[in-house]
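S.K.: task: produce atomic coordinates for the following.
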Amino acid sequence: MHLGKRALLGLLAAPAIARAQTAWPDRPLRFVIGGAAGGVSDIFVRLMESRLRERLGQPSVIDPRPGAGGMLGAEVAARSAPDGYTFFVNHIASHGIGPTLYRRLSFDPLRDLPGVCRMARMPNVLIVKGDSPHRDVASLLAFMRANPQAATFASAGTGTSSHLSGVLLGLRTGIETVHVPYRGTAPSMAAVMNGEVLFAIDNAPASRQQVLGGLLRALAVSTADRATTMPELPSLQESGIADFDVASWYGIAAPAGVPRPIVERLGGEILDALADPGIAARIREFGAEPAPLPAAAYDDYMRQQVAAWAPVVRASGASVD
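M.R.: Alright, predicted model coming up:
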C-alpha cells in the first residue's frame with residue numbers, strides 16, 4: 001500500500017496527539033473570572049479547587065480580569081489558545097445579557113466561548129430599607145403606583161441582572177420604574193439602606209448580611225418558585241407578578257476548539273463535584289443552588305437566555321459600544 005507524504009505524517013503525529021490528550025492536564029488550569037477576587041465567580045472556583053486538584057492532579061489558578069460586566073474577562077479567555085488550560089467562569093451577564101447589550105463585541109460569546117457545564121443558579125431578592133413600611137410586594141407596588149416619582153431602584157451597574165430585573169418588574173407591572181445605577185453591588189446596597197432609592201433586586205448573597213442584621217428587608221425572590229435557601233420568602237410570581245422568573249447563573253466555558261475529550265473530562269468532574277453533598281451544602285450556604293448541566297444542554301440553555309433577555313435589554317434602552 002502506498003501512502004502519500006501527508007498521510008504518513010498524519011499517522012506519525014496521531015500517537016503524539018493521543019499521548020497529549022491522555023496526559024491532560026500536565027500543568028495548572030487557569031480560570032479567568034470577569035470580576036474581582038472575592039466575588040461570586042472567584043468563590044465558585046475556590047469551592048471546586050480541592051476536588052479538581054484531587055481528581056485531575058493539578059491546581060487551579062484564578063486570573064481576575066474585572067471590567068465591562070465580565071466581558072473583558074470573557075474576551076481574554078475567548079482569545080486564549082484552545083489547549084485545554086484556560087477556562088472562563090461565565091454567567092448571565094457574559095452569555096445571557098451581554099450578547100444583546102454590547103453592540104460592537106469583537107467576539108461572539110456563544111460561538112467563541114461555548115459551555116463546558118453549568119454549575120449553579122441563585123435567585124435575586126427584592127429588598128427595601130430595613131425600616132420601610134412595606135412588608136410585602138403588594139404594599140410596595142401600591143406605593144409605586146400612587147407615587148410614580150418614588151419608583152426608583154438601584155443596580156450594580158447598567159446591563160447587570162440587578163438593572164434588568166428592575167426593568168422587568170416595571171414591564172410586568174406596568175409601573176415606570178426609574179433606574180439609578182451605581183458602581184458595584186456594595187454602593188447599590190448602601191443606596192437602599194440610606195433611602196436614596198426605594199428598592200433593589202440583586203443577587204441573594206449581596207444583601208444577606210444586611211437582611212440578617214435588619215438594615216435591609218427582603219420581600220420576595222425573583223425565581224418562579226421559592227428558593228430552598230430562603231423558603232420563608234415568597235416568589236414574585238407568587239406575589240402576583242406573572243411571568244417573572246429570573247436567576248443569576250454561573251458555569252464554565254472554554255475557548256472554541258478545545259478538544260472534546262477535555263471538555264467532557266472537566267465538565268464531568270465538576271458535575272460529579274456538584275453531586276457531592278458537602279460541596280452542594282457549601283453552595284447553598286452561599287445562597288445558590290447546584291444546577292448541573294452538561295455542555296450541550298448548557299449551550300442550549302444559554303441560547304434560550306439570550307433570546308429571553310434581548311427584549312428586556314431593548315426595553316431598557318441600555319447599550320454599550
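S.K.: for stretch 285-298, measure first residue to last.
M.R.: The straight-line separation of the ends of stretch 285-298 (Cα to Cα, to the nearest Å) is 24 Å.
S.K.: now do stretch 212-232
M.R.: With Cα to Cα as the measure, stretch 212-232 spans 13 Å from end to end.
S.K.: what residues of that stretch count as buried?
M.R.: Buried residues in stretch 212-232, counted by 16 or more other Cβ atoms under 10 Å: 215-223, 226-227, 229-230. All C-beta spots, glycine's among them, are computed from the backbone N, C-alpha and C.
S.K.: just the closest of the residues you listed to Gly69, please.
M.R.: Nearest to Gly69 among those: Ser222, at 18.5 Å, using Cβ to Cβ.
S.K.: which element is Leu141 on?
M.R.: helix 137-146 (DSSP states H and E).
S.K.: which residues does that helix contact?
M.R.: Identification of contacts with helix 137-146 by Cβ atoms under 8 Å, 6 or more residues apart in numbering yields 126, 128, 133-134, 150-151, 173, 175, 177, 198-199, 219-220, 234, 236, 239-241.
S.K.: rerun that using 7 Å as the cut-off
M.R.: 126, 128, 134, 150-151, 173, 175, 199, 219-220, 236, 239-240 (Cβ atoms under 7 Å, 6 or more residues apart in numbering).
S.K.: taking those, please make a PyMOL selection of just the buried ones.
M.R.: Buried residues within the contacts of helix 137-146, by 16+ other Cβ under 10 Å, are selected in PyMOL with:
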select buried, resi 126+128+134+151+173+199+219+220+236+239
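S.K.: for the contacts of helix 137-146, which one is nearest Ala256?
M.R.: Of all those, Ala256 sits closest to Leu236, with 36.5 Å by Cβ to Cβ.
S.K.: and the gap between the closest one and Thr185?
M.R.: For Leu236, the distance to Thr185 (Cβ to Cβ, to the nearest Å) stands at 20 Å.
S.K.: same check on Ala120?
M.R.: Distance, Ala120 to Thr185, using Cβ to Cβ: 18 Å.
S.K.: quick one, what contacts Ile62?
M.R.: Ile62 sits next to Phe31, Ile33, Asp42, Val45 when contact means Cβ under 7 Å, 6+ apart.
S.K.: pull the most distant pair out of the residues you listed.
M.R.: Phe31 and Asp42 (8.9 Å).
S.K.: show me the longest helix that occurs in this protein.
M.R.: helix 295-316 (DSSP state H).
S.K.: tell me the secondary structure at Gly159.
M.R.: Of the three states, Gly159 takes coil under DSSP: H, G, I helix; E, B strand; the rest coil.
S.K.: was I right to think it contacts Val320?
M.R.: Yes. The criterion here is Cβ atoms under 7 Å, and Gly159 meets it with Val320 at 6.5 Å.
S.K.: mutual contacts of these two, please.
M.R.: Leu101.
S.K.: off-centre distance for the helix holding Leu141?
M.R.: 29 Å (Cα atoms, centre = their mean, to the nearest Å).
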